[in-house]
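Student: structural data only, the sequence is not supplied:
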Ligand code: PEP
Ligand code: MN
């Protein structure tokens, strides 16, 4: 492990690369999709499930453009009690219909420990939102859950804190965790959060877990999303989480950062050369890792 990086990463031995685990990487299976393997996986969909029509239309559009996993919140962590809070179970049922119609796997957020059992009946991947990264009872409740967890970095968390939360899930019995960089709070106000792009190579180096990037929440503005997505791809992320909506200006949440179908198709097309860069770098990095293990 690189000692230039601040942090006691190896302390979290279930999720860190330590000793025997130095060379291994965790490949996660979810709804017929492999995350952290050779393929680059794009998860896309609206911030919130708003209606059957909205979700099915979006699911078909993102699947046709190459996404493998459909996102959409049924339980929404909203900063204000007066905004749309999500459709709850009705939203989960709509997600299930979209999976049946398109074959996409489903990722959706779970906010409370008591909802874990219900959400896991519908979701292929359980999302822990950034506001819940330090909800230790939720992390513990995800231990016995059979579904993989997508763990978002809190806006105020160091990478070490993210690994610590991952360790809690793993320690409680669930080793299938995807780490997600979604922007952190800095003094910058031009964007909603600041994407910490260095998180990707550092997490890939110190942990064997897959790492994905969410440029939508990081930037908060749709015009920046494709460029940040390209950067994340080139630097070696295992995938992306992108918000897409049929009519972003009418979205009940996060419309400003949601892409139209056309914009999402453009993003996927423009990723191609960056996927090639990522592929060539992966070979180099795999060799380096083996070399480090041999010395
Ligand atoms: C989301 O994915 O819609 C979301 C609320 O993300 P975050 O927890 O990163 O803010
Ligand atoms: Mn959102």
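Tutor: Done, it's in. All values derive from a computational prediction rather than experimental measurement. Ligands and ions are numbered 1, 2, ... in the order given.
Student: ranges for the helices of the chain?
Tutor: 52-65, 89-102, 116-122, 136-141, 159-171, 199-206, 215-219, 225-235, 261-270, 272-294 (DSSP state H).
Student: not counting sequence-adjacent ones, nearest residue to the residue of the chain found nearest ligand 2?
Tutor: Closest to ligand 2 within the chain is residue 47: 3.2 Å, counting by Cβ to the ion. Bear in mind the C-beta positions are built from the backbone N, C-alpha and C, glycine included. Excluding the flanking residues, the one nearest residue 47 by Cβ to Cβ, 6 or more residues apart in numbering is residue 254, at 3.7 Å.
Student: show me what contacts the one you found?
Tutor: By Cβ atoms under 8 Å, 6 or more residues apart in numbering, the contact list for residue 254 reads 47, 48, 216, 217, 243.
Student: give me the residue at the spatial middle of the protein.
Tutor: The C-alpha lying nearest the average C-alpha coordinate of the chain belongs to residue 180 (Cα atoms, centre = their mean; 4.4 Å).
Student: any idea how many residues pack against the residue nearest to that residue when sequence neighbours are not counted?
Tutor: Closest residue in space to residue 180, ignoring its immediate chain neighbours: residue 152 at 4.5 Å, by Cβ to Cβ, 6+ apart. Other residues lying near residue 152 total 26 when counted by other Cβ atoms under 10 Å.
Student: contact partners for residue 152?
Tutor: Residue 152 sits next to 127, 128, 129, 130, 133, 180, 182, 214 when contact means Cβ under 8 Å, 6+ apart.
Student: right, and the last one touches residue 241 too?
Tutor: Yes. Proximity of residue 214 to residue 241 meets the contact threshold set by Cβ atoms under 8 Å, at 4.1 Å.
Student: got any residues that touch both of these two?
Tutor: What both residue 214 and residue 241 touch, as defined by Cβ under 8 Å, 6+ apart, is the set 180, 182.
Student: ok, now how distant is residue 171 from residue 9?
Tutor: 16 Å (Cβ to Cβ, to the nearest Å).
Student: neighbour-wise, which of the two wins?
Tutor: Taking other Cβ under 10 Å, residue 171 and residue 9 do not tie; residue 9 has more neighbours (23 against 16).
Student: which residue would be the closest one in the stretch 101-250 of the chain to ligand 1?
Tutor: residue 129 (3.0 Å; Cβ to the nearest ligand atom).
Student: and the protein, which residues reach ligand 1?
Tutor: Contact residues, the chain versus ligand 1 (Cβ under 6 Å from any ligand atom): 47, 73, 77, 129, 130, 131, 152, 182, 217.
Student: surely residue 169 is in contact with residue 149?
Tutor: Yes. Using Cβ under 8 Å, residue 169 is in contact with residue 149, at 5.6 Å.
Student: overlap in contacts of those two?
Tutor: Joint contacts of residue 169 and residue 149 (Cβ under 8 Å, 6+ apart) are 142, 177.
Student: ok, residue 219 - contacts?
Tutor: 183, 191, 192, 193, 195, 225, 228, 257.
Student: run a quick neighbour tally on the residue of the stretch 101-250 of the chain closest to ligand 1.
Tutor: Other residues close to residue 129 by other Cβ under 10 Å number 22.
Student: go on, residue 120?
Tutor: Neighbour tally, residue 120, other Cβ under 10 Å: 17.
Student: what's it in contact with, if anything?
Tutor: Contacts of residue 120 by Cβ under 8 Å, 6+ apart are 110, 126, 145, 146, 147.
Student: right, and residue 263 touches residue 216 too?
Tutor: No. Assessed by Cβ under 8 Å, residue 263 is found out of contact with residue 216, at 11.3 Å.
Student: which one of the two is surrounded by more residues?
Tutor: Neighbour count, other Cβ under 10 Å: between residue 263 and residue 216, residue 216 has more, with 29 against 17.
Student: burial count for the residue lying closest to residue 156 once chain neighbours are set aside?
Tutor: Of all residues not flanking residue 156 in the chain, residue 185 sits nearest, at 5.8 Å (Cβ to Cβ, 6+ apart). For residue 185, the count of nearby residues is 13 (other Cβ under 10 Å).
Student: now residue 185: phi and psi?
Tutor: Residue 185 adopts backbone torsions of phi -80, psi 120, taken as degrees, to the nearest 10.
Student: mind starting the numbering at 21 from now?
Tutor: I'll keep to 21 as the first residue from here, and by that count the last item is residue 205.
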